[in-house]
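Enquirer: sequence isn't available, so here's the structure alone:
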């Protein structure tokens with residue numbers, strides 16, 4: 001029995017005074033009188049605990065605005081595009097002069113059951129981010145997979161600009177090859193301008209260093225003066241921007257009718273690129289579209305030395321250690337190449353043609369040229 005009912009019974013049924021009951025239970029006499037009054041007006045139901053919430057909240061978001069938020073949420077979800085609170089706020093701003101804050105929209109979505117809070121997730125403040133300062137300063141490229149209506153798996157080569165998040169290329173191919181990836185990159189460079197650097201993972205499409213053979217992508221980029229970097233093996237976070245683009249593209253494709261051919265899928269991808277680049281506000285760019293962010297600043301250009309090399313030459317980028325040496329593996333044996341303490345910490349380009357090795361700085365200066373002696377672990381300076 002709860003306290004309210006107990007004090008009512010003590011007064012009404014037992015005939016005890018308000019003061020006596022209040023003193024016995026550590027409550028005020030006025031509260032006892034209030035409970036008894038409610039009981040006499042409406043019975044035991046009238047003394048049940050009541051909500052302390054106000055009956056009217058003057059500053060609460062109007063129901064029609066909440067309905068518009070929910071409608072937008074459903075529309076964007078059906079399209080397969082981002083439907084978060086910030087995106088909804090952007091679209092509301094295109095329709096109305098006064099709009100709720102992003103936090104208010106988030107609370108509306110939570111109250112209506114569209115958002116489930118996840119307090120266990122890692123806070124965004126703990127992320128370590130990097131971002132290019134200029135458009136075309138840094139591109140990221142990667143390959144992802146998709147299935148056609150008949151279950152046949154195809155691949156999509158994506159290239160995005162690190163600064164603006166502009167999707168400069170997205171090509172559907174039956175099977176991604178190094179030649180296809182290079183062709184997509186060069187076509188994007190023709191339209192948007194060549195970047196100063198390119199970042200990719202260590203897939204066979206982009207590098208063959210683990211096979212010991214030539215790399216068509218590295219060879220071509222070196223001839224164009226473009227810096228070419230690879231992410232750390234098994235660490236996709238380095239190429240996180242293009243990996244995130246994969247997710248956004250696939251979420252949209254999943255809402256479309258399954259494509260029956262490469263050409264039909266390419267048409268769907270092209271429509272998505274138009275929406276992504278020109279219509280969809282990007283959260284990382286202050287809620288402007290990638291195209292606006294790309295056009296807002298001057299463009300970076302390739303600044304490296306243009307080094308033309310033969311098709312059989314292997315290219316490696318490395319950094320000279322604090323002892324002034326580089327390492328090179330030849331036929332499973334690791335060799336140390338002396339370059340000099342004066343160059344320690346310097347990033348270099350190594351051109352390997354059989355046993356002939358050239359070490360160049362990123363400015364194109366020849367630091368050392370040698371013929372590797374396979375019988376010696378250390379290759380001293382001559």
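Expert: Nice, I can see it. Note that the coordinates shown come from a computational prediction; the quantities given were computed from them, not determined experimentally.
Enquirer: isn't residue 320 up against residue 348?
Expert: Yes - between residue 320 and residue 348 there is a contact at 6.2 Å, judged by C-beta atoms under 8 Å. C-beta: built from backbone N, CA, C; applies to glycine.
Enquirer: tell me, what's touching those two both at once?
Expert: Residues within reach of residue 320 and of residue 348 at once, by C-beta atoms under 8 Å, 6 or more residues apart in numbering, are 326, 339.
Enquirer: which strand or helix spans the most centrally placed residue in the chain?
Expert: Centroid-nearest residue in the chain: residue 244, 3.9 Å away (criterion: C-alpha atoms, centre = their mean). Assigned by DSSP states H and E, residue 244 belongs to helix 240-253.
Enquirer: quick check: buried residues in that helix?
Expert: By 16 or more other C-beta atoms under 10 Å, the buried positions in helix 240-253 come out as 241, 242, 243, 245, 246, 248, 249, 251, 252, 253.
Enquirer: the fourth one - nearest residue in space that isn't next to it in sequence?
Expert: Meaning residue 245. Nearest non-adjacent residue to residue 245, counting by C-beta to C-beta, 6 or more residues apart in numbering: residue 160, 5.4 Å away.
Enquirer: for the one you found, what are its contacts?
Expert: Contact analysis of residue 160 by C-beta under 8 Å, 6+ apart lists 139, 140, 141, 166, 167, 168, 241, 242, 245.
Enquirer: closest to residue 276 out of the residues you listed?
Expert: residue 167 (5.7 Å; C-beta to C-beta).
Enquirer: state the pLDDT value of that closest one.
Expert: Residue 167 is assigned 96 on the pLDDT scale.
Enquirer: double-check it against residue 156; I have them as touching.
Expert: No - using C-beta under 8 Å, residue 167 is not in contact with residue 156, being 11.0 Å away.
Enquirer: in the sheet, who's paired with the residue nearest to residue 245?
Expert: residue 140, residue 167 (DSSP bridges).
Enquirer: of the contacts of residue 160, closest to residue 294?
Expert: The nearest one, if we look at the contacts of residue 160 relative to residue 294 and count by C-beta to C-beta, is residue 166, at 4.4 Å.
Enquirer: just give the nearest non-adjacent residue to residue 91, would you?
Expert: Leaving out its chain neighbours, the residue that sits closest to residue 91 by C-beta to C-beta, 6+ apart is residue 72, at 5.6 Å.
Enquirer: residues contacting the one you found?
Expert: Applying C-beta under 8 Å, 6+ apart, the residues near residue 72 are 83, 88, 91, 92.
Enquirer: could you report the neighbour count for residue 202?
Expert: 16 (other C-beta atoms under 10 Å).
Enquirer: and it, how close does it get to residue 231?
Expert: 7 Å (C-beta to C-beta, to the nearest Å).
Enquirer: check residue 86 too.
Expert: Residue 86 sits 28 Å away from residue 231, going by C-beta to C-beta.
Enquirer: quick revisit: identify the farthest-apart pair in the buried residues of helix 240-253.
Expert: 241 and 253 (18.9 Å).
Enquirer: returning to what we had before: any chance of the contacts of residue 160 in a markdown table, plus distance to residue 152?
Expert: Output for the contacts of residue 160, formatted as a markdown table (distance: C-beta to C-beta, whole Å):
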| residue | distance to residue 152 |
| --- | --- |
| 139 | 29 |
| 140 | 27 |
| 141 | 24 |
| 166 | 30 |
| 167 | 24 |
| 168 | 27 |
| 241 | 29 |
| 242 | 24 |
| 245 | 23 |
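Enquirer: secondary structure element for residue 265?
Expert: helix 262-278.
Enquirer: list the buried residues of whatever helix or strand comes next after that helix.
Expert: Later in the chain than helix 262-278, the nearest helix or strand by DSSP H and E is helix 290-295. Neighbour counts over helix 290-295 (16+ other C-beta under 10 Å) mark 290, 291, 292, 293, 294 as buried.
Enquirer: same question for stretch 110-121.
Expert: 114, 115.
Enquirer: how far off centre is it?
Expert: How far stretch 110-121 lies from its chain's middle: 20 Å, per C-alpha atoms, centre = their mean, to the nearest Å.
Enquirer: ok, stretch 366-379 next?
Expert: Remark: stretch 366-379 is offset 43 Å from the chain centroid, using C-alpha atoms, centre = their mean.
Enquirer: again, but for stretch 18-27
Expert: In terms of C-alpha atoms, centre = their mean, the centre of stretch 18-27 is set 63 Å apart from its chain centre.
Enquirer: show me what counts as buried in that stretch.
Expert: Under 16+ other C-beta under 10 Å, the buried positions of stretch 18-27 are 18, 21, 22.
Enquirer: quick one: contacts for the second one?
Expert: When you say that, I think you mean residue 21. Neighbouring residues of residue 21 by C-beta under 8 Å, 6+ apart: 7, 10, 11, 32.
Enquirer: in those, find the pair that's most separated.
Expert: Longest distance between any two of those is 8.6 Å, between 10 and 32; criterion C-beta to C-beta.
Enquirer: quick one, which of the two is more surrounded?
Expert: residue 32 (25 against 19).
Enquirer: would the more buried one count as being in a helix?
Expert: Yes - checked against DSSP: H, G, I helix; E, B strand; the rest coil, residue 32 lies within a helix.
Enquirer: and it, what does it touch?
Expert: Counting by C-beta under 8 Å, 6+ apart, residue 32 has contacts 7, 11, 18, 21, 22.
Enquirer: and the strands in the chain?
Expert: 139-147, 153-161, 167-173, 197-200, 227-230, 314-319, 325-330, 333-338, 347-353, 356-361, 366-371, 378-379 (DSSP state E).
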